[in-house]
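# coords below, sequence missing:
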């Protein structure tokens with residue numbers, strides 16, 4: 001009884017800013033829906049939009065695979081190893097989360113560009129040039145999206161009970177076998193959640209992509225870049241394309257609602 005009364009008292013000094021904050025986040029999205037020119041939905045059937053959507057889905061999926069290949073071992077290193085300076089390493093891993101994407105694109109150009117620290121050797125030795133190519137889009141998206149996967153998987157590894165791994169070790173299992181048969185299955189929900197967030201972030205990447213990969217229709221023009229171009233020439237088409245990306249974002253949140261949205265009632 002007392003608990004219900006305590007929970008029922010909502011101070012105005014907190015409720016009012018909370019409502020304003022909620023409105024600040026939701027009203028622009030509602031405005032996007034209200035202002036959508038539904039008669040222009042035929043824009044989605046155009047060849048340009050189809051190409052941009054196809055490229056976005058392919059590049060985001062490839063970037064997610066790359067992040068899984070590199071990010072899961074990195075998360076394990078941060079969560080399980082006794083490596084000195086793990087806190088500093090973790091801070092470095094999360095830098096792309098707060099780094100302006102355009103700056104990330106510039107950094108990729110300086111390292112992987114044809115005259116970059118690594119890029120010049122890739123070009124001279126193997127004839128590989130990443131900037132302004134579809135592969136460059138994948139690299140740029142992976143750069144900004146990987147921290148989402150690493151943070152999610154590391155959190156799952158820290159929350160997992162290490163006694164199962166210890167039991168496997170006592171039975172003679174190697175570290176690699178233990179990781180494959182015990183550790184990875186136990187943190188699979190965290191891996192899936194991180195992969196979905198990683199994919200969604202890659203799908204919406206703009207700044208690093210346009211800086212490192214440019215804007216070439218059919219090769220590097222993804223959906224966010226198509227929205228930017230359409231906004232200058234055809235605002236109605238830009239709104240329709242934005243709705244597509246909004247629906248994808250809502251779908252991702254709906255798929256992860258049990259992990260990220262649900263809370264105590």
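Nice, thanks for sending it over. For clarity, every value in this text was computed on a predicted model and none was experimentally measured. Residues are numbered from 1 along each chain as shown.
# Tell me how many other residues surround residue 19.
Neighbours of residue 19 under the rule other Cβ atoms under 10 Å: 10. Where you see a C-beta, it was placed from the backbone N, CA and C, and this is true even at glycine.
# Now name the helix or strand holding it.
Here residue 19 sits within helix 12-34, counting by DSSP states H and E.
# Can you give the contact residues for that helix?
Under the criterion Cβ atoms under 8 Å, 6 or more residues apart in numbering, residues 239, 242-243, 246 lie in contact with helix 12-34.
# I'd like to know which of those residues are buried.
239, 242-243 (16 or more other Cβ atoms under 10 Å).
# can you tell me which of the residues you listed are in strands?
Judged by DSSP state E, strands contain none of these.
# coming back round to it: go through the contacts of helix 12-34 and name the one nearest residue 9.
Distances from residue 9 to those, taken as Cβ to Cβ, are shortest for residue 246 (36.1 Å).
# which one of the buried ones among the contacts of helix 12-34 is nearest residue 125?
residue 242 (42.3 Å).
# Nearest residue to the closest one in space, please, no chain neighbours.
Using Cβ to Cβ, 6 or more residues apart in numbering and skipping the chain neighbours, the partner closest in space to residue 242 is residue 227 (5.6 Å).
# ok, of the contacts of helix 12-34, which one's closest to residue 210?
residue 242 (16.6 Å).
# The closest one reaches residue 228, doesn't it?
No: between residue 242 and residue 228 there is no contact under Cβ atoms under 8 Å: 10.4 Å.
# buried stuff in the longest helix seen in the chain?
Assignment by DSSP state H gives helix 47-80 as the longest helix of the chain. Using 16+ other Cβ under 10 Å as the test for burial, helix 47-80 gives 49, 51-53, 55-56, 59-60, 62-64, 66-68, 71-72, 74-80.
# again with stretch 217-224
So for stretch 217-224, counting by 16+ other Cβ under 10 Å, buried means 220-224.
# That concludes my questions; thank you for your assistance.
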